[in-house]
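S.K.: Here is my input, please return the structure:
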Amino acid sequence: MSGKSASPCMCGEPLLLKNQLCFPIYACAREIIKAYREPLSSLDLTYTQYLVMMVLWEEKKKSVRELGECLYLDSGTLTPLLKKLEAKGCIVRERCPEDERSVIVSLTAAGEALREEAENVPRCMAEKSPLSKEEAETLYKILYKLLHSVHGEG
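M.R.: Numbering: from 1, shown residues only. I've put the predicted structure just below:
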């Protein structure tokens with residue numbers, strides 16, 4: 001991150017939990033992921049599996065490395081997740097013929113069919129949000145600015 005303070009309160013005690021920007025982000029992320037459990041349960045997907053599926057519904061196939069870059073996940077996290085999605089019949093993993101070190105992940109017909117069932121998830125989650133459309137757009141931009149900064153992308 002840049003030299004700017006990541007604490008919302010520049011005065012007072014820097015180690016108070018209430019003065020930490022990271023805590024409400026962390027706690028909110030946990031609560032949002034928990035809220036996804038119900039709409040994703042009928043799809044038999046975890047939140048992280050849902051993220052992988054969204055990338056593949058858009059792109060159809062990606063290398064494990066590309067998936068990791070898109071989702072900010074390392075291969076140690078991604079590999080077991082992909083094994084479970086493969087066991088469910090949603091994806092297939094194959095070595096790239098041009099580069100045996102690279103593994104390509106592709107949707108199966110069952111994985112593609114799951115997309116139709118998942119179409120209600122974003123709407124369901126939007127209904128749970130107290131934010132206006134404008135507030136959600138502003139928060140989205142701020143969070144991506146922060147994400148890119150802490151990830152060294154900007």
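S.K.: Can you give me the distance of Gly16 to Cys28?
M.R.: I think there's a mix-up here, since residue 16 is Leu and not Gly. Distance, Leu16 to Cys28, by C-beta to C-beta, to the nearest Å: 18 Å. Placement of C-beta: from N, CA and C, glycine included.
S.K.: Check whether Tyr50 sits in a helix, strand or coil.
M.R.: Secondary structure of Tyr50, reduced to three states by DSSP: H, G, I helix; E, B strand; the rest coil: helix.
S.K.: From Glu86, how far off is the closest residue to it other than its chain neighbours?
M.R.: Nearest non-adjacent residue to Tyr50, counting by C-beta to C-beta, 6 or more residues apart in numbering: Leu40, 5.5 Å away. Leu40 sits 18 Å away from Glu86, going by C-beta to C-beta.
S.K.: Then Met125?
M.R.: Distance from Met125 to Glu86, by C-beta to C-beta: 26 Å.
S.K.: Could you count how many residues lie near Leu114?
M.R.: Counted with other C-beta atoms under 10 Å, the neighbours of Leu114 add up to 21.
S.K.: same question, the one 3 residues further on
M.R.: The local packing of Glu117 (other C-beta under 10 Å) involves 12 other residues.
S.K.: ok, it to Ser41 distance?
M.R.: Separation of Glu117 from Ser41 (C-beta to C-beta) stands at 12 Å.
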